[in-house]
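> For reference, the sequence and a predicted model appear below.
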Amino acid sequence: MSNRTIRPNRARLFTALLVTLPVTQVGAQGLEEVVVTAQKREQNVQDIGISVTAFTGDQLKELGIVSSTDLVTQTPGLTYVTPFGDGNNAAFTLRGVGLNDFSEHNESPTAVYVDQVYQASLAGLNFNLFDIERVEVLRGPQGTLYGRNTTGGLVHFITRKPSEEFNAYTDLTLGSYSEIRLEGGVGGALGDGVSTRISGIYHNHDGYRDARVPGVDDANSRDALSLRGQLLFEPSDDASILFSAHYSNVDQIAATYEHTSTAFAEDGITEILLPSDQVNPICEGVGGLTGPGEDCFGYRDRDGDVYDTDNDREPFLDLETWGASMTADWSWGDIALTSITAYEKVEKLFGEDTDMGPVPSIAVTNPVDSKQWSQEFRAAGGAGAVNWTTGIYYFDRSIDTGSRTDTSGIDLVDDETVTNYDTRSLAIFGQIEFQLADQWTAILGGRYTDEEQDFRMVARDLLGNTPFFLGLSDEPIPGYVIFDFTPETAGELTEASLNDFSFRAELDWRPTDTSLFYGSISQGTKAPGFNFAIDGTGILGASQIEQIPFDEETLTAYELGMKTELFDGKATFNGAVFYYDYEDFQAFSFDQLTNVVTNKDAEVKGVEAELLARPVDGLDIRLGATWLDTEVKDIVAASFFTGEEVIRNREMVAAPDVEVTGLIRYSWPVASGRLSVQTDFRLVGDQFFDINNNPTTHEDSYFVAGASVGYEMADGRYSIVAWVKNLTDEEYRTYAIPVTSLGFTQNMIGQPRWWGVTFRANW
């Protein structure tokens, strides 16, 4: 990729800046207290021994964070992968712990919650943010206080709740690519003890990847509508019941890949860029008609413009999500009781032009129908030196999905794979906190999980060419079964279970009222799962029944951290060092057109730091940095030419060696309001997008910055902000999928420079 101007020396420069910056001036106003509910009760973020990054709703607006995935721009150690592009499946990676398997039925090891409700479907995790009260990012295993067990951590979006006081707001954004973003919310009392809130957002913009094939519209557009309604009953001071419902519909011309021609080196293992003057030697073997620099279908991207595309099939994304929940809270003496009942449904239909070229070679279509419901009961209390929380959580999910891989355009096969995946999980969890002495606190937590899974998968060749190609028939047999993973063919392999105990142990030391030092050992488990296969014949993939199931992964995390206030509350500095010991890490690789997850041991070492400062009145500084060293052990790779295997240790996927985020904002009185200027940035270090760490998926470090200028009336009622994202128009990849067995790699490109103006009004 081009514009690779940021190198590790720049990373060291920013890290040095992070350490040396807390030099502040006397007389500034202190930082506002940041209150979170990371431990299921309201606490100052500086008082808990968990690495947490939190944003208020106002801070999200100031930062221009308008979608769930935008959160990575200012959260150290948080990245995400979205193999299918903007608006599609997203999985967060936290401190290197993540998921790059794009099978629709899988779950992320870094969980996403909205108003305490776990969101299981990857298709539903890339959403617009609106009417948000705050967001909390918790690092490390989180199973002793939350419903679903996680190894990486969690991201919790908390929406603004109804109140008796009337309030309303509206935001209007006009921006690049004919962008229109209209957001609003209104709420207040309906009567004695009854209040409501209604909010929504409409977001539309044109595509920013120009289509060069006639009749195909520009890709990466967006047309989304989301609504939320809430009704709060407060019959007494000791009880409340909140009903909430949400709906979202996305209809867009989906993202397209940027094409690069790739080939195997002489070892048949290492994947490299194909020189423009060379013919790929593997293409003859797979039936390609190819020339110099071309993939096995005779295509190469000749202009080098990463925002142009030659796909002949117009990609599409139709995504509909809706859900409802009831949260009841009441007090029984000194005990607080909570019940959360929730239902979520996600329906998706996505189609892409897999080969990226102007002729119909490979077209993939993915349907999703995911349904889940969950029930959580929680009790919490405390007396004297003890605080405790305990709960029970039930989770039931059914997802029907699959994939259609159509290669009929080149007279090959038309494979349709259908899967059904049922999960039933019951967990008991709890945590207790002991005040050992004035300065010392001990925390112990545990979780027991009992989970059962059933998986079915059948692949058919709709054209029926498969038996003809394999010499099993003299003519096609439409609907021919090419892969069957059902109880009749695979027996107990179609079932998986988990009986697991995980824990947390922590010791906190508070030598002063403004400092905390903590050490913790915690453990999290991600449940077992199943690989997705479209074929077992070797035509499009070489899956075997025995390779479909994979085991659970267990992460044991060791962490030492500190949180402290500086300069009479004008700054906070938080830091942590951590070591993750992975047993049976679920490592994902891609073989031809088949997904493969295998269990491998792994480890992660890291250091992170965050600084918030207000050195003078009106000046706010936010800096964060993460350094990672990751290793997955005994990754097996086989030569494409000979089949000979090599075993190597590799880096984790989407785990940059360094990340630095920052924001500087200054505001001052002007006339009857305040004028503000702001700049923000994110430096992302070197990373790989495949577990074999091939050169074709290695992304050099890159630097993305934004800026804004705004004016707000003194009463806060009206404001206007002009902003720009990706100020230098940096070109960088957000993901890459190597399909070198067919002569190409698919690359997802980050958004180009984007500017806009946002008008805001509050009542």
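All right, it came through fine. Treat the numbers as computed from the prediction; the structure is a model and nothing was measured.
> pLDDT averaged over the helix or strand hosting Arg504, what's the number?
Here Arg504 sits within strand 495-512, counting by DSSP states H and E. For strand 495-512, mean pLDDT rounds to 96.
> Parallel or antiparallel, list what pairs with that strand.
As defined by DSSP bridges, the strand partners of strand 495-512 come to strand 440-461 (antiparallel), strand 515-526 (antiparallel).
> Which SSE is immediately downstream of the longest one?
Think strand 440-461. The helix or strand immediately downstream of strand 440-461 is helix 465-469, counting by DSSP H and E.
> any residues touching that next one, and which ones?
411-414, 473-477, 480, 482, 537, 539 (Cβ atoms under 8 Å, 6 or more residues apart in numbering). Yep, even glycine has a C-beta here, placed from its N, CA and C like the rest.
> Give me the below-cutoff pLDDT ranges for the stretch 551-700 of the chain.
For the stretch 551-700 of the chain, the stretches flagged by pLDDT under 70 are 592-593.
> Pro275 and Thr696, how far apart?
13 Å (Cβ to Cβ, to the nearest Å).
> what stretches of the stretch 1-150 of the chain score poorly on pLDDT?
Applying pLDDT under 70 to the stretch 1-150 of the chain picks out residues 1-29.
> at 90 what do you get?
Scanning the stretch 1-150 of the chain for pLDDT under 90 picks out the ranges 1-35, 38, 40-42, 62, 81-91, 98-103.
> So for Pro275 and Thr696, which residue has more residues nearby?
Using other Cβ atoms under 10 Å, the more surrounded residue of Pro275 and Thr696 is Thr696, with 24 against 12.
> Nearest the middle, which residue of this protein would you pick?
Phe92 (2.5 Å; Cα atoms, centre = their mean).
> Next one: it from Tyr80, what distance?
Phe92 is 5 Å from Tyr80, by Cβ to Cβ.
> thinking again about what came up before, of the contacts of helix 465-469, just say which sits nearest to Arg760.
For the contacts of helix 465-469, the residue nearest Arg760 by Cβ to Cβ is Asp414; the value is 50.9 Å.
> Could you point out the helix or strand that follows the helix or strand containing Ser244?
Here Ser244 sits within strand 239-253, counting by DSSP H and E. Past strand 239-253, further along toward the C-terminus, the next helix or strand under DSSP H and E is strand 258-264.
> show me the contacts for the residue lying closest to Ser178 once chain neighbours are set aside.
By the measure of Cβ to Cβ, 6 or more residues apart in numbering, the closest residue to Ser178 outside its immediate chain neighbours is Asp206, 4.8 Å from it. Counting by Cβ under 8 Å, 6+ apart, Asp206 touches 177-179, 218, 221.
> From Val616, how far off is Asp206?
Relative to Val616, and taking Cβ to Cβ, Asp206 is found at 42 Å.
> in this structure, which spans are helices?
Remark: helices assigned in the chain by DSSP state H are 8-20, 57-63, 465-469, 487-490.
> list residues touching both of Phe92 and Tyr80?
Common neighbours of Phe92 and Tyr80 (Cβ under 8 Å, 6+ apart) are 72, 98.
> re earlier: among the strands paired with strand 495-512, which is nearest Tyr169?
strand 515-526 (35.5 Å).
> Counting neighbours, show which residues of the closest one come out buried.
Within strand 515-526, the residues scored as buried using 16 or more other Cβ atoms under 10 Å are 516-518, 520, 522-526.
> Dump the C-alpha coordinates for it into CSV.
Taking Å, rounded to 0.1, in the frame of the first residue of the first chain, the C-alpha atoms of strand 515-526 are listed here in CSV:
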residue,chain,number,x,y,z
SER,A,515,-3.7,6.6,44.0
LEU,A,516,-4.5,2.9,43.5
PHE,A,517,-2.1,0.0,42.9
TYR,A,518,-3.6,-3.4,42.0
GLY,A,519,-2.6,-6.9,41.0
SER,A,520,-5.0,-9.5,39.6
ILE,A,521,-5.2,-13.0,38.2
SER,A,522,-8.3,-13.7,36.2
GLN,A,523,-9.4,-16.4,33.9
GLY,A,524,-11.9,-16.5,31.0
THR,A,525,-13.1,-19.2,28.7
LYS,A,526,-14.6,-18.9,25.2
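> so of the contacts of Asp206, which ones are in strands?
Glu179 (DSSP state E).
> Around Asp617, how many other residues sit close by?
Around Asp617 there are 12 residues (other Cβ under 10 Å).
> ignore the last one, Gly184
17.
> distance between the ends of stretch 296-311?
One end of stretch 296-311 to the other measures 16 Å (Cα to Cα, to the nearest Å).
> wait, stretch 665-677
Termini of stretch 665-677 sit 6 Å apart (Cα to Cα).
> Show me how far that stretch is from its chain's centre.
35 Å (Cα atoms, centre = their mean, to the nearest Å).
> for that stretch, which positions count as buried?
665, 667, 673-674, 676.
> The residues you listed: which two are farthest apart?
In these, two members sit farther apart than any others by Cβ to Cβ. They are Arg665 and Gly673, at 15.6 Å.
> Just give me the neighbour total for Asp267.
13.
> isn't it right up against Ser639?
Yes: applying Cβ atoms under 8 Å as the test, Asp267 and Ser639 come out as touching, 6.2 Å apart.
> and Ala637, what are its bridge partners?
In this structure, Ala637 bridges to Val646 when assessed by DSSP bridges.
> ok, now which ones touch it?
Contacts for Ala637 were tallied using Cβ under 8 Å, 6+ apart; they are 269, 645-646, 648, 692.
> now Pro738
Per Cβ under 8 Å, 6+ apart, neighbours of Pro738: 262, 271, 590, 690, 694, 696-697, 745.
> count of neighbours near Asp629?
15.
> Could you list the buried residues of stretch 59-69?
Going by neighbour count (16+ other Cβ under 10 Å), the buried part of stretch 59-69 is 59-69.
> That concludes my questions; thank you for your assistance.
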